[in-house]
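Trainee: Structure for the following, please:
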Amino acid sequence: MSTSVWILLGIVALFALPILFGMVRDYLGFNSNKFYGDEANKNKVGSRGETYEKSSLRAEVTRNQVNGGSGDNGGDQ
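Mentor: As a prediction, this is how the structure comes out:
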């Protein structure tokens, strides 16, 4: 075989061996990189609208506190 064929086989092995190693680890159950996005999406707290409303309420309360009030229209005591 010529030198260029050996170089080509080396390049192919360089790309194929990590992929093959990952496939074997996954098949044997040693893969710890699992995607749990489905469970996270099932336990979603609220929609975008609810989140926006909560954030605007928090901003208003913070704004009142920074201006020296407690958010109850001058009821500081």
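Trainee: Report the helix or strand with the lowest average pLDDT across this structure.
Mentor: In the chain, the helix or strand scored least confidently by mean pLDDT, DSSP states H and E is helix 37-42, which has a mean of 64.
Trainee: Longest helix in the protein, please.
Mentor: helix 3-28 (DSSP state H).
Trainee: average model confidence for that one?
Mentor: For helix 3-28, the mean per-residue pLDDT is 92.
Trainee: Please point out which parts of it sit buried.
Mentor: Buried positions in helix 3-28, judged by neighbour count with 16 or more other C-beta atoms under 10 Å: none. C-beta coordinates here come from the backbone N, C-alpha and C atoms, glycine included.
Trainee: number of nearby residues for Ser55?
Mentor: Using other C-beta atoms under 10 Å, Ser55 has 10 neighbouring residues.
Trainee: Would you mind measuring from it to Ser4?
Mentor: Per C-beta to C-beta, to the nearest Å, Ser55 is found 62 Å from Ser4.
Trainee: Val12 now?
Mentor: For Val12, the distance to Ser4 - C-beta to C-beta - is 13 Å.
Trainee: same question, Leu14
Mentor: Taking C-beta to C-beta, one finds Leu14 at 15 Å from Ser4.
Trainee: Surely Arg25 and Ser32 touch.
Mentor: No. Between Arg25 and Ser32 no contact is recorded; they are 9.1 Å apart, counting by C-beta atoms under 8 Å.
Trainee: which residues touch Phe21?
Mentor: Taking C-beta atoms under 8 Å, 6 or more residues apart in numbering, we find Phe21 in contact with no residue.
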